[in-house]
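*Asks:* build me a structure from this.
(one chain, ligands or ions: 1)
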Amino acid sequence: MYVDIGNVLDGTPGVSRDALERMDESVAAAHERIESGRADAEHGYAALNLPETADADEIRAAVEPFGDPEAVVTVGIGGSALGAATLTEALADESDPDAYYLDNVDPERVSALVESLSLSDTVVNVVSRSGTTAETLSNFLVVREAMDDAGVDWTDRTFVTTGREGNLRSLAEKHDLPALDVPDGVPGRFSALSTVGMAVAAIQGHDLDALLAGAADEADRLSGSLFESPAYAYGATTYALAQRGALTNAMMPYAESLEYFAEWFAQLWAESLGKDGVGQTPARALGATDQHSQLQLYRAGPRDKLVTLVRPREREDRAIPETELEGLSYLGGSSLGELLSAEFEATEASLAAAGVPNVRVEIDRVDERGLGELLYGMEAACVLYGELADVSTFTQPAVEWGKRAARGLLGGGDFEEADAVAEKTTLVVE
Ligand SMILES: O=P(O)(O)OC[C@H]1O[C@H](O)[C@H](O)[C@@H](O)[C@@H]1O
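*Replies:* Model (predicted):
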């Protein structure tokens, strides 16, 4: 992963080279803390050891009995879906089994998906670390019933990925389902490079070893200086900018295949860093599409933003045909890839010219190795930011509050959070 922070030095807000150099001492201290957390495999920090601890053979062996299905439906939400979706969307190949993600519980979408699938040739991947998430368990029950109704033995078509105990673990044991463990100490949003994120990619035949090798390369680049580690350069710069008022971070990949990456990043950044009244709001954008919509705001709106521009250095290209239209003749002989690159550089320059801080993040290609670098790099950046901001990066109490309230409302237990729903202030205008 290559990170270019040149365009933050003179921005508004911006962070000068001197300020970054002064901050490097704090980066060194944070790095030491991170390394000691990794050495002791402490909760959360253990995620940064996945390049060494994840077992690609185990994952391949668990999914091998399913062969080459027509489709794989992952039933999971948040960190139990977004990592896998990021990988399979980015690596998608026409010949791969189709990958679907049932995260939300919108009944129309769930019914439409279940009715469109050939269930006898579909594999169901139920993922929940806790085994208690209402959306995941409900969707699974719906899919299971649909399989029963279609005369398909769901126990032949289902595998689970879960913690060592809980509802899903019991279900797997009861029905003798293949089961993968969510590794200890790895929160969902940091689990893309584990059983949680990699099982569907394994069914699709993607190269898990290259993915982990890319992540390992990025891990090797972690060091006590932000000027030597791309991941820390990103984490330290985003933190410094947030301190100076860049409260929104617009993540803007210039590759359709990385659209899900921006979703994954949004969870990582929001759930890890948004606490104690601080944080940086992730916004999702896509280049070049959002140059024609959101860019107006990013360049000319409130000075509270940073834009992160992501692209692969190489990609498959397609020529733009020559045209007889004189005004468009400059396009002929060029390519869509060149156009996209020009759009990327134009956006970068346009933001810089207006003093809006922006960071360029590149990988060589959108392939397993590049994704390993990118996902690991962003996770390490996030952990560093959390250390610098002194927040508890690996917890999500605000999310859990809502989970308890919803559970209480559904009669799933006595939760005082549910009472707050009845106490809502209303001011209805009709
Ligand atoms: O894997 P599960 O236990 O089902 O959790 C799924 C998701 O639930 C919550 O919303 C957490 O805040 C997320 O971090 C987690 O990824």
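*Asks:* what sits closest to residue 201 if chain neighbours are left out?
*Replies:* residue 87 (4.7 Å; Cβ to Cβ, 6 or more residues apart in numbering). Just so you know, the C-beta spots here come from the backbone N, C-alpha and C atoms, and that holds for glycine as well.
*Asks:* go on, residue 241?
*Replies:* residue 306 (5.0 Å).
*Asks:* helix or strand right after the one helix or strand the one you found maps to?
*Replies:* Using DSSP states H and E, residue 306 sits within strand 305-312. On the C-terminal side of strand 305-312, the nearest following helix or strand under DSSP H and E is helix 336-353.
*Asks:* now for the helix or strand just after that following helix, which elements pack on it?
*Replies:* Later in the chain than helix 336-353, the nearest helix or strand by DSSP H and E is strand 358-363. Counting contacts by 3 or more Cβ pairs under 8 Å, 6 or more residues apart in numbering; DSSP states H and E, strand 358-363 is packed against strand 2-4, helix 230-243, strand 305-312, helix 336-353, helix 368-389.
*Asks:* save those as a markdown table, and put in distance to the ligand, mean neighbour count and mean pLDDT too.
*Replies:* Shown next, in a markdown table, are the helices and strands packed on strand 358-363 (distance: least, Cβ to the nearest ligand atom, whole Å; neighbours: other Cβ atoms under 10 Å; pLDDT from 0 to 100):
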| stretch | distance to the ligand | mean neighbour count | mean pLDDT |
| --- | --- | --- | --- |
| strand 2-4 | 26 | 16 | 98 |
| helix 230-243 | 20 | 25 | 98 |
| strand 305-312 | 22 | 24 | 98 |
| helix 336-353 | 31 | 16 | 97 |
| helix 368-389 | 13 | 25 | 98 |
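*Asks:* how about the residues of this protein near the ligand?
*Replies:* Within the chain, the positions adjacent to the ligand are 77-80, 128-130, 133, 136, 188-189, 271, 396, 399 by Cβ under 6 Å from any ligand atom.
*Asks:* give me the subset of those lying in helices.
*Replies:* Within the residues of the chain next to the ligand, residues falling in helices by DSSP state H are 136, 271, 399.
*Asks:* could you single out the nearest of the residues you listed to the ligand?
*Replies:* The shortest approach to the ligand among these belongs to residue 399, at 3.6 Å (Cβ to the nearest ligand atom).
*Asks:* could you check the pLDDT of the closest one?
*Replies:* At residue 399, the model reports a pLDDT of 90.
*Asks:* what is the burial count for it?
*Replies:* By other Cβ atoms under 10 Å, 13 other residues sit near residue 399.
*Asks:* how about residue 197?
*Replies:* 31.
*Asks:* repeat that for residue 330.
*Replies:* Residues near residue 330, counting by other Cβ under 10 Å: 10.
*Asks:* please renumber the chain so that the first residue is 39 from this point on.
*Replies:* From this message on, residue numbering opens at 39, which makes the last subject residue 368.
*Asks:* can you tell me how far residue 258 sits from residue 267?
*Replies:* 10 Å (Cβ to Cβ, to the nearest Å).
*Asks:* more crowded one of those two?
*Replies:* Each of residue 258 and residue 267 has its neighbours counted (other Cβ under 10 Å); residue 267 has more, 26 against 10.
*Asks:* residue contacts, that one?
*Replies:* 259-261, 418 (Cβ atoms under 8 Å, 6 or more residues apart in numbering).
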